[in-house]
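Undergrad: Only the shape, not the letters, is given here:
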């Protein structure tokens, strides 16, 4: 199945994002107005602006920040695959992106394809915007403006599961479950990341959750290819 997808050519990744500030009222008056303008047609009149900011700013690149990036790649040894996982985390977003930049440059140099769930709509554009906001250059694998669709070297498991059905959306959690892949949502989910970060100050918990998403995507690729799942003992966590 999916004969054009080579597991060993994929570079899996996932990002975790949070509101850029812990409180709506810490924004400058200008930025509060800009946020209100941005979400105006979505926010219900009765919703509290501070609550709405905390729940939504983490999915808006102009008002959030990246705090964790987890990535991995597959190596085949005999008949079995080994998944190498590495996770970057930092409260300072610019330092985080700078530390991840050489990895993304190597993705292009080694002809890997970026792979993740919903990366075309979320992770890739988010990273592009935050790289530029922080005054950092876009690595070639993210610099896709002007490229034709078939020239963009990305594999999105959401797109694979759509099979051409453009109105269809399936969450990573649902897709993992229907394919009988161990779920990554056994501790927290995306809606909880902002609170875990700003209220619990637990960056390591978020980093662990992010790495589980990367593992889930890799396992989904194995399922879609009709290959055995990767054994736990063949998942190797590298130090950053």
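TA: That came through fine. Everything quoted here is computed from the prediction, not taken from an experiment. Numbers count the residues shown, from 1 in each chain.

Undergrad: helix or strand right after whichever strand or helix holds residue 194?
TA: When secondary structure is defined by DSSP states H and E, residue 194 falls within helix 193-198. Sequence-wise, the next helix or strand downstream of helix 193-198 (DSSP H and E) is helix 203-224.

Undergrad: now residue 210, nearest residue through space, not along the chain?
TA: residue 70 (4.1 Å; Cβ to Cβ, 6 or more residues apart in numbering). In short, each C-beta sits where N, CA and C put it, glycine included.

Undergrad: what mean pLDDT does the helix holding residue 194 have?
TA: Regarding helix 193-198, the rounded mean pLDDT is 94.

Undergrad: quick one on the thing from earlier: so how far is residue 145 from the residue nearest to residue 210?
TA: Computed as Cβ to Cβ, to the nearest Å, the residue 70 to residue 145 distance reads 26 Å.

Undergrad: neighbour count winner among these two?
TA: residue 70 (26 against 7; other Cβ atoms under 10 Å).

Undergrad: isn't residue 70 right next to residue 216, touching?
TA: No - using Cβ atoms under 8 Å, residue 70 makes no contact with residue 216, being 11.0 Å away.

Undergrad: about what we covered before: the residue nearest to residue 210 in helix, strand or coil?
TA: Per DSSP: H, G, I helix; E, B strand; the rest coil, the local secondary structure of residue 70 is strand.

Undergrad: For residue 145, see how far away the residue nearest to residue 198 when sequence neighbours are not counted is.
TA: Of all residues not flanking residue 198 in the chain, residue 22 sits nearest, at 4.2 Å (Cβ to Cβ, 6+ apart). According to Cβ to Cβ, residue 22 stands 33 Å off from residue 145.

Undergrad: Sweet, I'm off.
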